[in-house]
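# Next come a sequence and a model predicted from it.
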Amino acid sequence: MRTVALIGPELYPIPPIRGGAVELFIHQTATRLRRWRPVVIGPSDPELSDHEVRQGVEYFRIPLGGWRGCLYKRYRRYFPLYDRQVAAILRRVQPDLLQVHNRPLLCLFLKRMPDLEKVPLILHMHNLYNSLGRRERPDPDASIPVSAFIGCSRFVVDREKSRLGRGAAAHFVVYNAADTGAFLTPWDQPHLREQSRQQYRLAEAPTVLFVGKLRESKGVHILLAAMEHVWPRIPQAVLVLAGGTEFGRGRTDRETPFLRELRRRLETARGRVILTGFIPPERIPEVYLLGDIFVGPSQIEEGLGMVFLEAAAAGLPIIATRRGGIPEIVQEDLNGMLLKQHDDPRELAAKTIQLLEDRDLRLRLGQQGRAWVQEHFSWEKIAQQQEEVYDEIVGR
């Protein structure tokens, strides 16, 4: 059996006990590979062993805390500590294929290693060049000589084909996914929904749910402004904002200027907005049971937000913007509604009111969305697509 090394960014551990969509993708697909032996490389964490095997996956975790982390973050060009440790592990494992997630500079580093340069390498991007940190971006005219470039959406592949994917021999789309076995629906599990809602004293209140980082780029301020138009029509409606400002150890409840301003605005909506704070990954499925509808008014061109697939898997109708790769998974009259103007609170309010007042429409969109995820976006299906890409790259 051939071996593939799946290499995550240096930010969060795998499995994603501190959060992170990229880390979730790596973990979920690695545990479902059937024809390739997965080796996962990422940063260390106090709650995880530096080396272990679980669910058929071998994990290597690299210490990058304290002064090492500071040096790497500020002076990576001169102290490529994570990159060197990754290379050392690869020499030990000797995989047949490398898959680097969201780190084009790490790809360049590995291709310059004489003993690794001939190993086929995939650059897998979950967002765009402009979404990378300033110290993670290669020069705009750099050509990264990889065997393949994978994007998490057609949007990402089309945008990066002449930039991050310029030096790739082939280009592929491999979408994100959701586990419909983990995400329960309100019509299948009404008692579990009731238990989840009791924790926040929601009772029968019509509930609008947002899941994600509490940031301006996610459109949280637009959603709150929209609710100010919803409440005069549906005064009992509640907005649940599930998530913190950041992922990672010691950062999940970090106060930001945006969060402070959000709290100030919430003082006028006391009792009608719930801030859950950071939700550990294992509890995310139960969070979706809180909502009647899911709203994700992203203000930026995202690659493909995992939350939209999770919401659909949980049987929630979705309202979203037409930004980035979102329209590839949120489609009108299939699983949700798309806004014509991404930053118009009144349009968002009108669609929110329409869904909250039309139970039959909510049920139809929710059931269609879940069926669509089951057919096209299960982790098993996405892992199989990854293996097909692997086979094409190295030859069957």
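That came through, no problem. Residues are numbered from 1 along each chain as shown.
# Report all helices and strands that the worst-scoring helix or strand of the chain on mean pLDDT contacts.
Among the helices and strands of the chain, helix 66-75 carries the lowest confidence by mean pLDDT, DSSP states H and E, at a mean of 83. Under the contact definition 3 or more CB pairs under 8 Å, 6 or more residues apart in numbering; DSSP states H and E, helix 66-75 sits against helix 81-93. For glycine as for every other residue, the C-beta is placed from the backbone atoms N, C-alpha and C.
# average pLDDT for the helix it packs on?
Helix 81-93 shows a mean pLDDT of 97 in the predicted model.
# what's the angle between it and helix 66-75?
Angle, helix 81-93 to helix 66-75, by axes from the mean of the first three to the mean of the last three CA atoms, to 10 degrees: 110 degrees.
# which residues touch helix 81-93?
3, 5, 7, 10, 39, 41, 43, 58, 60, 62, 64, 68, 71-72, 76, 98, 105-106, 109-110, 113, 115-116, 119 (CB atoms under 8 Å, 6 or more residues apart in numbering).
# For it, buried residues please.
Neighbour-count burial for helix 81-93 flags L81, Y82, D83, Q85, V86, A87, I89, L90 (criterion: 16 or more other CB atoms under 10 Å).
# mind checking how far the helix or strand just after it is from the chain centre?
Next along the chain after helix 81-93, taking DSSP states H and E as the criterion, comes strand 97-101. Distance, stretch centre to chain centre, for strand 97-101: 18 Å (CA atoms, centre = their mean, to the nearest Å).
# Now do strand 97-101: which elements does it pack against?
Short answer (3+ CB pairs under 8 Å, 6+ apart): strand 97-101 packs on strand 2-7, helix 21-30, helix 104-111, strand 121-125, helix 379-394.
# How far off centre is the least confident helix or strand of the chain?
25 Å.
# what does stretch 13-33 give?
10 Å.
# Burial-wise, tell me which of the helices and strands packed on strand 97-101 comes out on top.
For the helices and strands packed on strand 97-101, the largest average neighbour count (mean count of other CB atoms under 10 Å) is found in strand 121-125, namely a mean of 26.
# tell me the angle of that one relative to helix 21-30?
Using the same axes, to 10 degrees: strand 121-125 against helix 21-30 is 130 degrees.
# which element follows strand 121-125 toward the C-terminus?
Following strand 121-125 in sequence, per DSSP H and E, is strand 148-151.
# Sheet-wise, list the partners of that following strand with their directions.
Sheet pairing of strand 148-151 (DSSP bridges) gives strand 121-125 (parallel), strand 171-173 (parallel).
# Enumerate residues external to stretch 173-180 that contact any of its residues.
Stretch 173-180 has contacts (CB under 8 Å, 6+ apart) with 21, 25, 28, 124, 126, 150-154, 156-157, 304, 306, 309-310, 312-313, 328-329, 370, 373-374, 376-379, 381-382, 385-386, 389.
# before we move on, back to that, now distance to L223 and mean pLDDT too, for the strands paired with strand 148-151, in a markdown table please.
A markdown table is the format used below for those (distance: least, CB to CB, whole Å; pLDDT from 0 to 100):
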| stretch | distance to L223 | mean pLDDT |
| --- | --- | --- |
| strand 121-125 | 27 | 98 |
| strand 171-173 | 29 | 98 |
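# okay if I get the ones you listed as CSV plus distance to E216?
Shown next, in CSV, are these (distance: least, CB to CB, whole Å):
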stretch, distance to E216
strand 121-125, 23
strand 171-173, 29
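# And those strands: which comes nearest E228?
strand 121-125 (37.0 Å; CB to CB).
# Other residues contacting that closest one?
The contact list for strand 121-125, computed with CB under 8 Å, 6+ apart, reads 97-102, 104, 107, 110-111, 144, 146-152, 156, 160, 164-165, 168, 174, 303, 389, 393.
# of the buried residues of helix 81-93, closest to P345?
Distance to P345, by CB to CB, is smallest for Y82 among these, at 41.9 Å.
# what about the longest helix along the chain, average pLDDT?
Ranked by residue count under DSSP state H, the longest helix found in the chain is helix 359-376. In this model, helix 359-376 carries a mean pLDDT of 97.
# again with stretch 281-297
For stretch 281-297, the mean per-residue pLDDT is 94.
# so how far is A383 from L121?
19 Å (CB to CB, to the nearest Å).
# meant to ask about G56, not that
For G56 relative to A383 (CB to CB), the value is 12 Å.
# Confirm that S162 sits in a strand.
No: under the criterion used here (DSSP: H, G, I helix; E, B strand; the rest coil), S162 is coil, not part of a strand.
# Against G324, how distant is it?
Look at S162 and G324: by CB to CB, they are 17 Å apart.
# What residues does S143 make contact with?
Contact analysis of S143 by CB under 8 Å, 6+ apart lists R166, G167.
# my bad, should have said G69
Counting by CB under 8 Å, 6+ apart, G69 has no contacts.
# in terms of contact, does A168 touch V157 like I think?
No: here A168 lies out of contact with V157, judged by CB atoms under 8 Å, at a distance of 9.8 Å.
# intersection of neighbour lists for those two?
With CB under 8 Å, 6+ apart as the test, A168 and V157 both reach F149.
# Would you state the helices of the stretch 251-396 of the chain in chain order?
257-266, 284-288, 306-313, 345-357, 359-376, 379-394 (DSSP state H, counting those that start in this stretch).
# Output those helices in CSV; the columns should cover distance to S49.
Conversion of these to CSV gives the following (distance: least, CB to CB, whole Å):
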stretch, distance to S49
helix 257-266, 34
helix 284-288, 24
helix 306-313, 26
helix 345-357, 45
helix 359-376, 33
helix 379-394, 24
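# between the ones you listed, which one is nearest to G133?
helix 257-266 (18.4 Å).
# three-state assignment of V240?
On the three-state scheme (three-state DSSP), V240 is labelled strand.
# just checking, it touches Y200?
Yes: between V240 and Y200 there is a contact at 7.0 Å, judged by CB under 8 Å.
# Contacts only, for W67.
So W67 contacts nothing (CB under 8 Å, 6+ apart).
# go on, P13?
P13 makes contact with E23, G42, P43, S44, D45, E47, L48, R61, according to CB under 8 Å, 6+ apart.
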